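Engineer: requesting a structural model of the entry that follows:
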Amino acid sequence: MIVSTLSKQEEQILLAIIHLGNDAYAIPIRKYLKDVTGENISIGGIYVPLDRLVRKGYLEPFQSDSRPERGGMSRRYYRLTKDGAQALEKAKQVHEALWRGLDGLSLETK
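Structural biologist: Coordinates of the predicted model:
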């Protein structure tokens, strides 16, 4: 499979899912990203890219068992696929290449 370029938002969501492990569903993903970035992302800003990442084959969704505290409803969790891991690795390589040689460089503008 050809690995497509990830948007910043997609990359952040994939990384959040790795950090969250078995607790990776929309609400904790949103909270994790808010804690890390300081940005308040709408729930739609999470679900739309999650669906896109599933369609690309980078995430595999799965349902939890029904939950009494949710009126018997299950949760939709996500796990990274092999293709998703390859896409993240490619994004990491691009970031590293772009930053290479800039250590200690002042990024201030005049």
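Engineer: grab the most central residue of this structure for me.
Structural biologist: Ile13 (1.4 Å; CA atoms, centre = their mean).
Engineer: tell me which element that one falls in.
Structural biologist: Assignment of secondary structure by DSSP states H and E places Ile13 within helix 8-20.
Engineer: what residues sit buried inside the helix or strand following that helix?
Structural biologist: Proceeding N to C from helix 8-20, the next assigned helix or strand is helix 26-37, under DSSP H and E. For helix 26-37, the neighbour count (16 or more other CB atoms under 10 Å) marks Ala26, Pro28, Ile29, Arg30, Tyr32, Leu33 as buried. (Each C-beta comes from the backbone N, C-alpha and C, glycine too.)
Engineer: which elements pack onto helix 26-37?
Structural biologist: helix 8-20, helix 44-56 (3 or more CB pairs under 8 Å, 6 or more residues apart in numbering; DSSP states H and E).
Engineer: re the thing from before, wait, which of the buried residues of helix 26-37 is closest to Leu53?
Structural biologist: Within those, distances to Leu53 taken as CB to CB reach their minimum at Ile29, with 11.0 Å.
Engineer: now the helix holding Ile13 and helix 26-37, what's the angle there?
Structural biologist: 110 degrees (axes from the mean of the first three to the mean of the last three CA atoms, to 10 degrees).
Engineer: tell me which residues of helix 8-20 are tucked away?
Structural biologist: Burial within helix 8-20, assessed by neighbour count using 16+ other CB under 10 Å, is assigned to Gln9, Glu10, Glu11, Gln12, Ile13, Leu14, Leu15, Ala16, Ile17, Leu20.
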